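> Provide a 3D model corresponding to the input given below.
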Amino acid sequence: MKDYIIRGMAANHQVRFFAATTKHLVEEARRHHDTSPVATAALGRLLTGGAMMGSMCKNETDVITIQIKCSGPIGGLVVTSDAKANVKGYVFHKDVMLPPSKQGKLDVGKALDLGVLTVIKDLGLKEPYSGQTHLVSGEIAEDLTYYFATSEQIPTSVALGVLMNKENTVRQAGGFIIQMMPFAEEEVVSALEERLKDFSSITTHLDAGETPEVMMEKLFEGFDMTIESKIPTNFFCNCSKERVSKAVISVGKKELEDMIAEGKPIEVNCHFCNSHYNFEVEELREMLKAAK
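Now for the predicted structure:
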C-alpha cells in the first residue's frame, strides 16, 4: 500500500483523527497536469485534504467536492473524492510561478490570496449539502480548519504539506485531520493544542521516515490511541470515452450539428486527469442520432 489513510480514536474516544501519506498520488497529479511547483503544492494539499474528507463518508456512493475560487494567480482549484479515498482534481492555472515566501517555502498563500472555499457533499439525498467559507490564509490547511469550525461546528486541526525535489518532482506529501468530539474534556483540548503548537511541519516528519502511525503515536503519547482502519488512497479519474460522449451529447442537437458541419474531428479534454478524447465526424453523427 503506497499511499494510505489511517483513522482512529484517542483519549478515551474524545478525539478522532485521520492521517495520510500521499506522495505517489500527488506526484501522479503533477504528471497528469504538468503543474508548476507552487501549483503542485496547492493541488497536493487539497487532494490530501479531500482524500481524508472523502474517507469520512459513511456510504460507498457518497462523493465530496471541494472548490476554491480565488483572486490569486492560480485562479482556483477543484478536488473530488469518493468514500474509498479515490481522489482527483485540477488547478485553474497550472503554470503559476512565484518567489518563495519569507520562510523560504512555496508561497501557496500568495498563489491563492483572497477567495471562497465551498464543500459539496453528495450523500445520495435529493439535494447535496453545501457549506461555504472565505479563505483565511490561502494555505488550505488553515482554510479547511476554519471551514470545519464555522460550517460544521467541529473543533478541528488540519495539517497538510507537500515537499518538492529540486527537479520539481514530489518528495513527500501528507496530512492529518484531528477533531474533538462534543464531550471532549477541556484538559484534553488544552493538552492537544499545546502539542500541535510544537508539531513541526508534516513533511518534516514524513521526510524523516515517519509513517502516519508513528506521527499519531507521537502526537497522542500518554493518551490511549486506537487505529481503527487503514485504507489505500489513489489519484483516480473515472472518465472514459463513453462518459465524455454523453457530456458531448448533452450540449444539444444544434451544437452537434454545427460540429458535424465543420467536417473536422473534435478533441475533448478531461479537466480532472487531462486525458484527451477524439471523436471523428462519423462518431458525432451517431451521437446526434442518440440525442434525437
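
> report the longest strand in this protein, please.
Identified as the longest strand of the chain according to DSSP state E is strand 170-180.

> I'd like to know which elements it is packed against.
strand 15-21, helix 23-33, helix 37-55, helix 141-151, strand 156-164, helix 186-198, helix 202-207, helix 212-219 (3 or more Cβ pairs under 8 Å, 6 or more residues apart in numbering; DSSP states H and E). Glycine gets a C-beta too; all of them are placed from N, C-alpha and C.

> can you list the weak-confidence ranges in the chain?
1, 292 (pLDDT under 70).

> and stretch 28-43, what's buried?
28-30, 32-33, 35-43 (16 or more other Cβ atoms under 10 Å).

> measure Thr35 to Asn12 for me?
43 Å (Cβ to Cβ, to the nearest Å).

> just the CA coordinates for stretch 103-110, please, in CSV.
Output of stretch 103-110 as CSV, limited to C-alpha atoms (Å, rounded to 0.1, in the frame of the first residue of the first chain):
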residue,chain,number,x,y,z
GLN,A,103,10.1,31.3,5.2
GLY,A,104,11.7,30.1,2.0
LYS,A,105,8.8,27.9,1.2
LEU,A,106,6.5,27.6,-1.8
ASP,A,107,4.1,30.5,-1.4
VAL,A,108,0.7,28.8,-1.7
GLY,A,109,-1.0,31.6,0.3
LYS,A,110,0.1,34.2,-2.3
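
> which outside residues touch it?
37-38, 41-42, 45, 72, 98-101, 137-140, 162, 164 (Cβ atoms under 8 Å, 6 or more residues apart in numbering).

> ditto for stretch 178-198
11, 13-18, 148, 154-158, 219, 223.

> so who does the most centrally placed residue in the chain touch?
By Cα atoms, centre = their mean, the mean C-alpha position of the chain lies nearest to Leu47, the distance being 2.2 Å. Counting by Cβ under 8 Å, 6+ apart, Leu47 touches 22, 25-26, 29, 79, 87, 89, 235.

> enumerate every residue touching Val119.
Here Val119 is in contact with 53, 64-66, 130-132, 147, 151 (Cβ under 8 Å, 6+ apart).

> and what about it, helix, strand or coil?
Three-state assignment for Val119 (DSSP: H, G, I helix; E, B strand; the rest coil): strand.

> hey, what's it bridged with?
Per DSSP bridges, the residues bridged to Val119 are Ile66, Gly131.

> repeat for Thr226
Bridge pairing for Thr226 - DSSP bridges - gives Met9.

> ditto for Thr21
Beta-bridge partners, per DSSP bridges, of Thr21: Tyr4, Gly174.

> how many neighbours does it have?
25 (other Cβ atoms under 10 Å).

> equivalent analysis for His276, please.
Using other Cβ under 10 Å, His276 has 9 neighbouring residues.

> what residues are up against the nearest residue to Val26 once chain neighbours are set aside?
Excluding the flanking residues, the one nearest Val26 by Cβ to Cβ, 6 or more residues apart in numbering is Gly44, at 3.7 Å. Contacts for Gly44 (Cβ under 8 Å, 6+ apart) come out as 22, 26, 29-30, 162, 170, 173.

> distance of Thr80 from Gly54?
8 Å.

> if we can go back for a sec, pick out the most distant pair among the contacts of Gly44.
Thr22 and Arg30 (11.7 Å; Cβ to Cβ).

> picking that back up, take the contacts of Gly44 and write them to a markdown table, including distance to Glu286.
As requested, these are exported to a markdown table (distance: Cβ to Cβ, whole Å):
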| residue | distance to Glu286 |
| --- | --- |
| Thr22 | 40 |
| Val26 | 39 |
| Ala29 | 33 |
| Arg30 | 36 |
| Val162 | 43 |
| Val170 | 41 |
| Ala173 | 43 |
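
> which one of these is nearest to Glu267?
Proximity of the contacts of Gly44 to Glu267 was ranked by Cβ to Cβ; the top entry is Ala29 with 21.5 Å.

> count the neighbours of Val188 for me.
Val188 - counted by other Cβ under 10 Å - has 17 other residues nearby.

> just Leu46 next, same as before
By other Cβ under 10 Å, neighbour count at Leu46 equals 28.

> identify the bridge partners of the nearest residue to it once chain neighbours are set aside.
Of all residues not flanking Leu46 in the chain, Val79 sits nearest, at 4.7 Å (Cβ to Cβ, 6+ apart). Beta-bridge partners recorded for Val79 (DSSP bridges): Ile66, Gly89.

> much appreciated, bye for now.
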